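Asker: okay, predicted coordinates and the sequence, questions at the end:
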Amino acid sequence: MSTLLLIDDEPMIRRMIREYAGSEDFRFLEASDGAEAMDILGNEPVDLVVLDITMPKMDGWTTLHEIRRVSNVPVIILTVRSDERDKFFGFELGADDYLVKPFSLRELFLRIKVFLKRSEATGAKFSFQHDNFKVDLDSHNVVIDSKSLRLKPKEYDLLAFFIRNPGKVHSRESLLNAVWGYDYYGDVRTVDTHIKCLRDQLGPYKRHIVTVWGSGYKFEIQP
């Protein structure tokens, strides 16, 4: 079952699309603004995003920019803004399609199905794969035994950093700087806590994150 995320501040629009998604056998997630949507994307596997432009807190342009920083998930813009310049700007920011309100629910879902079929046809391109452990660094998708994991943002950031820097021993301080940033003033024990949580999520594949006593951690392929 494919998962859709609708980002729109209009309750009536969300209700209409939610009900139609249910009749089409889609898993449906919704957010009323961009900030809420980014929280969802950081914790839930999403196959396609439908995005409004005019929203409070974080508008659609900013949201699309933030989505493209972390994911290549297909994005369909759904908006009242019909100006050609808005369409061009949306595509320049990375939108895959642009639909103007008022709209046909049938047309919207036909477009959704086209993008999902295209994704299935091309298949997922994993940046890292070992046995049944796969990670797509473009879409932030982590799969173990054909099931997507719901990692917390920092858990994923740690895993991505390890995958991009395999075989090298990283001290807690260097991990803190690389993943949390130089302006983070937390304790280095934060790293240990997140490593433990990440290992719990990875199950049998936690063996890839190796503790180097007195030095830190490294990521290596274990048989």
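Answerer: Received the coordinates, thanks.

Asker: what count of nearby residues applies to I221?
Answerer: I221 is flanked by 12 other residues according to other Cβ atoms under 10 Å. (C-beta placed from N, C-alpha, C; glycine too.)

Asker: and it, which of the three is it?
Answerer: State at I221, reduced to three classes by DSSP: H, G, I helix; E, B strand; the rest coil: coil.

Asker: what does R69 give?
Answerer: Three-state assignment for R69 (three-state DSSP): helix.

Asker: for it, give me the pLDDT.
Answerer: pLDDT recorded at R69 is 77.

Asker: now do the contacts for it.
Answerer: Taking Cβ atoms under 8 Å, 6 or more residues apart in numbering, we find R69 in contact with no residue.

Asker: quick one: it and I163, what's the gap?
Answerer: Look at R69 and I163: by Cβ to Cβ, to the nearest Å, they are 18 Å apart.

Asker: swap in T190?
Answerer: Distance, T190 to I163, by Cβ to Cβ: 20 Å.

Asker: what's the answer for F128, then?
Answerer: In terms of Cβ to Cβ, F128 sits 5 Å off from I163.

Asker: which one of the two is surrounded by more residues?
Answerer: F128 (19 against 15).

Asker: go ahead and confirm the more buried one touches N141.
Answerer: No: if you go by Cβ atoms under 8 Å, F128 and N141 don't touch, sitting 11.0 Å apart.
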